[in-house]
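Asks: Have a look at this prediction, sequence included:
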Amino acid sequence: MEKIKLFESKDKALQTIEDNSIHTLRIDGKAYCLGRIGTELFAIDDTCTHDGASLSQGEIRNGLVECPWHHYLFNLKTGEQLGGKCPNAKTFPITVDEEGVYLQLPLNPTD
């Protein structure tokens, strides 16, 4: 896994990202949906598995990201698509240590 530093500290991350909000994060031309629930941060693939919409353009409610096009719901923590109408979204671990907040990405983008 490759560690990508997102913030200098968890405090900085929580100051930057509002609770129950999602944002687009672009790394090497790939988009990720970065979200916050309470004091936890999560990352999933930004592309809806149903029809390709940007999940970051949707809304977050009760830990679920709602696709802006067809209103499919994805669990921000697990990537699970509620209702099983399309494949689950891929998730990416967020880790925190004394040096910062990191997004963990596979070394091979197809993993």
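Replies: Everything's here; your move. Nothing here was measured: the structure is a model prediction, and the numbers come from that model.

Asks: Name the nearest residue to Thr49, sequence neighbours excluded.
Replies: Once flanking residues are discounted, Thr49 sits nearest to Pro87: 4.3 Å by CB to CB, 6 or more residues apart in numbering. From N, CA and C alone the C-beta is placed, and that goes for glycine too.

Asks: need the helices for this structure, in chain order.
Replies: According to DSSP state H, the chain carries its helices in the segments 10-16.

Asks: before we move on, back to that, count the residues that sit near the residue nearest to Thr49.
Replies: By the criterion of other CB atoms under 10 Å, Pro87 has 11 neighbours.

Asks: pretty sure it contacts Asp51?
Replies: No: with the criterion set as CB atoms under 8 Å, Pro87 and Asp51 do not qualify as a contacting pair; they are 11.9 Å apart.

Asks: tell me the pLDDT at Leu107?
Replies: The predicted local confidence for Leu107 comes out at a pLDDT of 82.

Asks: nearest residue to it other than its sequence neighbours?
Replies: Once flanking residues are discounted, Leu107 sits nearest to Glu2: 5.7 Å by CB to CB, 6+ apart.

Asks: How about the contacts made by the one you found?
Replies: Neighbouring residues of Glu2 by CB atoms under 8 Å, 6 or more residues apart in numbering: 104-107.

Asks: how about the closest residue to Ile44 other than its chain neighbours, phi and psi?
Replies: Once flanking residues are discounted, Ile44 sits nearest to Ala89: 4.5 Å by CB to CB, 6+ apart. As for Ala89, its main-chain torsions (degrees, to the nearest 10) stand at phi -80, psi 150.

Asks: Return the helix or strand in the chain with minimum mean pLDDT.
Replies: strand 59-61 (a mean of 93; mean pLDDT, DSSP states H and E).

Asks: Skipping its backbone neighbours, what lies nearest Thr16 in space?
Replies: Nearest residue to Thr16, sequence neighbours excluded (CB to CB, 6+ apart): Phe7, at 6.7 Å.

Asks: on that earlier part again, can you pick the most crowded of the contacts of Glu2?
Replies: By neighbour count, taken as other CB under 10 Å, the most surrounded of the contacts of Glu2 turns out to be Leu105 (19 neighbours).
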